[in-house]
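1. how would this look folded up:
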Amino acid sequence: MSASIVCLFFLLASGLTYAVPNEGVYFGTQNLILTDRNPIPTKCIYNTFQKMLQAMCANLNFNQLPPRLRKDTQILDFSGNRLRDLKNDTLSSFTSLSFIYFTDNFFTDIEDAAFVNLKKLEVLDLSKNALSDIPKNIFALPAIRIIYLSENKLGDNAMDPTPFADESTLQILDVSKNHLTKLPRLGILPYLKRLNVSRNLITNLKTEDIAAFCTLKVLDLSHNPIIFTDHCECQAINAWIVARNITMFPPKFNCTDEKRSDGLRTPWCTRQPVNELVSNETLKIYDNCKNVLKIQEQTVKARSTWILVVSCIAAFLMCLFIILYCIHRHNKKKKSVNIKRDLVINRADDGLLKGNNVTEPAE
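-> Numbering: from 1, shown residues only. From the prediction side, this is the model:
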């Protein structure tokens, strides 16, 4: 019997583990386990993605953030763990965070100020949790662009009007697979372009609900039990979607078979322009949204103009300083040359005087 076989027999008999180098096969007394060559990570792995520091902490069975998680982390993938709540101070020191992925945890509660210090946060993923409410201030974070909230337990109260919503930069909102019975009424969201409310419990819809999103491009309403009791409202929704160039799922609502509560078929609405089909309240909300958008664009433009003016002034002052400095250096150099020349002339004059004194005959 060879020496390697004797050693293997001894290891198995003693309950130890034997690893075959470079083969990824481990032998033990309990089972034969095949693994890859890289062991399953037990701590966060750091790397750089598009010049941003990324902490990969997914599927590590953590029930809290690691105490040594780097404070300068910009991308945090903490999906597939066991977090149950977020306190106000949990993330307060991670001010560099731009992307957070908390999908597939056990969240049931997030305190109101959990994200307020994250001024650079652009993407927040809280999907596949058990949240019945969320902090309303996440919609007003200064850099937020995308929020994923699908597959939670959010009801209509979680989507109540949000303070400062009209200042929001949110562009994409996914609240699919929740418990909503109506479209989110967060207030005016002037930059919202994609809204997914599919697979909820929405039963009714009005143009007023959509008008607050005046730049909306995609609206997913699929798999909702929407019923129109007002045939003209159904026509108005379809007309509004077409007029605002919104891609909707389903593409349009079938208004021809809608019936009133008394069982009689609702007559066709008179074909009218969309501005006459929708209510004055709808047009007012839409105009308010457009005005907010215009004001924000003007503010950004004015800020850019001031930055340009200040930059030009700073550049002018810098150039002026350089010119004055060059003039000063030139004058200083010229003065130094003049002084040296005067010294040379004075020395020459002194030499002549001494020469004259030596050659002058005695009387």
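
2. CA atoms for contacts and neighbours, from now on please.
-> Noted.

3. surely C214 meets Y286?
-> Yes: counting by CA atoms under 8 Å, Y286 is a contact partner of C214 at 6.0 Å.

4. Go ahead and flag the most central residue of this protein.
-> When CA atoms, centre = their mean is applied to the chain, the residue found nearest the centroid is E122 (0.8 Å).

5. for the chain, which helix is longest?
-> The longest helix of the chain (DSSP state H) is helix 280-359.

6. other SSEs contacting that one?
-> In this structure, helix 280-359 makes packing contacts with helix 207-211, judged by 3 or more CA pairs under 8 Å, 6 or more residues apart in numbering; DSSP states H and E.

7. what comes into contact with the helix it packs on?
-> For helix 207-211, contacts defined as CA atoms under 8 Å, 6 or more residues apart in numbering pick out 183-185, 233, 236-237, 240, 278, 281-283, 285-286, 289.

8. switch to 6 Å and redo it
-> Helix 207-211 has contacts (CA atoms under 6 Å, 6 or more residues apart in numbering) with I237, T282, I285, Y286.

9. circling back to that earlier point, count of residues packed around the nearest residue to the residue nearest to the centre of the chain once chain neighbours are set aside?
-> Spatial nearest neighbour of E122, excluding adjacent residues (CA to CA, 6 or more residues apart in numbering): I144 at 4.1 Å. For I144, the tally of surrounding residues (other CA atoms under 10 Å) stands at 23.

10. likewise R70?
-> By other CA under 10 Å, 15 other residues sit near R70.

11. what separates it from L131, distance-wise?
-> Distance, R70 to L131, using CA to CA, to the nearest Å: 27 Å.

12. Then K71?
-> Going from K71 to L131 by CA to CA gives 26 Å.

13. So for these two, which residue has more residues nearby?
-> For K71 and L131, the more surrounded residue by other CA under 10 Å is L131, and the numbers stand at 24 against 13.

14. What ranges in the stretch 151-300 of the chain fall below the confidence cut-off?
-> 257-275 (pLDDT under 70).

15. Show the residue spans covered by the strands in it.
-> Using DSSP state E, counting those that start in this stretch, the strands of the stretch 151-300 of the chain run over 172-174, 194-196, 218-220, 247-249.

16. Of those strands, flag the one that's most buried.
-> Sort the strands of the stretch 151-300 of the chain by mean neighbour count, taking mean count of other CA atoms under 10 Å, and strand 194-196 sits at the top with a mean of 22.

17. So which elements touch that one?
-> For strand 194-196, the packing partners by 3 or more CA pairs under 6 Å, 6 or more residues apart in numbering; DSSP states H and E come out as strand 172-174, strand 218-220.

18. I figured K120 was touching I100, is that so?
-> No: K120 is beyond contact range of I100, at 11.0 Å (criterion: CA atoms under 6 Å).

19. Have a look at these two and say which one is more surrounded.
-> More crowded of K120 and I100, by other CA under 10 Å: I100, with 19 against 16.

20. Which element, helix or strand, includes the more buried one?
-> Per DSSP states H and E, I100 falls inside strand 99-101.

21. Please compute how far that strand lies from its chain's middle.
-> Relative to the mean C-alpha coordinate of its chain, strand 99-101 is positioned 8 Å out (CA atoms, centre = their mean, to the nearest Å).

22. Determine the number of other residues adjacent to S92.
-> The burial count for S92: 15, using other CA under 10 Å.

23. quick one: contacts for it?
-> Shown in contact with S92 (CA under 6 Å, 6+ apart): N117.

24. Relative to S336, how far out is the residue nearest to C57 when sequence neighbours are not counted?
-> Distances taken as CA to CA, 6+ apart place C44 nearest to C57, at 4.4 Å, with adjacent residues excluded. Using CA to CA, C44 is found at 66 Å from S336.

25. So if I had to pick from these two, which one is more boxed in?
-> Higher neighbour count among C44 and S336: C44, with 20 against 12, using other CA under 10 Å.

26. Quick check, pLDDT for that one.
-> Looking at C44, its pLDDT stands at 96.

27. same question, the one 10 residues further on
-> Predicted confidence (pLDDT) at Q54: the value is 98.

28. circling back to that earlier point, columns distance to A58 on top of the strands of the stretch 151-300 of the chain, output as JSON lines?
-> Shown next, in JSON lines, are the strands of the stretch 151-300 of the chain (distance: least, CA to CA, whole Å):
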{"stretch": "strand 172-174", "distance to A58": "21"}
{"stretch": "strand 194-196", "distance to A58": "25"}
{"stretch": "strand 218-220", "distance to A58": "29"}
{"stretch": "strand 247-249", "distance to A58": "33"}
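
29. The ones you listed: which one's closest to P161?
-> strand 172-174 (14.9 Å; CA to CA).

30. F94: neighbouring residues, count only.
-> By other CA under 10 Å, 18 other residues sit near F94.

31. Going forward, the N-terminal residue is numbered 52.
-> In the new numbering, first residue 52, that becomes F145.

32. Distance check, the residue nearest to it when sequence neighbours are not counted against K335.
-> Spatial nearest neighbour of F145, chain neighbours left out: K122 (5.1 Å); criterion: CA to CA, 6+ apart. From K122 across to K335, the span is 46 Å (CA to CA).
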